[in-house]
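A.B. asks: Quick one, what's the 3D model for this:
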Amino acid sequence: MLRNGLEPWHLLIVAIVVIVLFGSKKLPDTARALGRSMRILKSEAKALKDDETTATEPNSP
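C.D. replies: Numbering: from 1, shown residues only. This is a model prediction of the structure:
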């Protein structure tokens, strides 16, 4: 029954349910907001990593 996980028709059903629930007009705005949030998250994670490496570097006299 679950030999390969999700099959193409599973994804089709999920896509139809999402379109019915949210409507086709709100989906582009939602995707845009999600993309913007992911960019912010990536930049904040990179800044945090850069701050960590800067803090752990030994100070040279």
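A.B. asks: Packing partners of the one helix or strand in the chain whose mean pLDDT sits lowest?
C.D. replies: Least confident helix or strand, the chain: helix 8-22 with a mean of 87, by mean pLDDT, DSSP states H and E. Applying 3 or more C-beta pairs under 8 Å, 6 or more residues apart in numbering; DSSP states H and E, one finds that helix 8-22 makes contact with helix 27-56. Backbone N, C-alpha and C define where each C-beta goes, glycine included.
A.B. asks: any idea of the angle the helix it packs on forms with helix 8-22?
C.D. replies: Helix 27-56 and helix 8-22 are oriented at 100 degrees to each other (axes from the mean of the first three to the mean of the last three C-alpha atoms, to 10 degrees).
A.B. asks: how far does helix 27-56 sit from the chain's center?
C.D. replies: On the basis of C-alpha atoms, centre = their mean, to the nearest Å, helix 27-56 sits 10 Å off its chain's mean C-alpha point.
A.B. asks: One more: stretch 16-35?
C.D. replies: Distance, stretch centre to chain centre, for stretch 16-35: 15 Å (C-alpha atoms, centre = their mean).
A.B. asks: end-to-end on that stretch?
C.D. replies: One end of stretch 16-35 sits 21 Å from the other (C-alpha to C-alpha, to the nearest Å).
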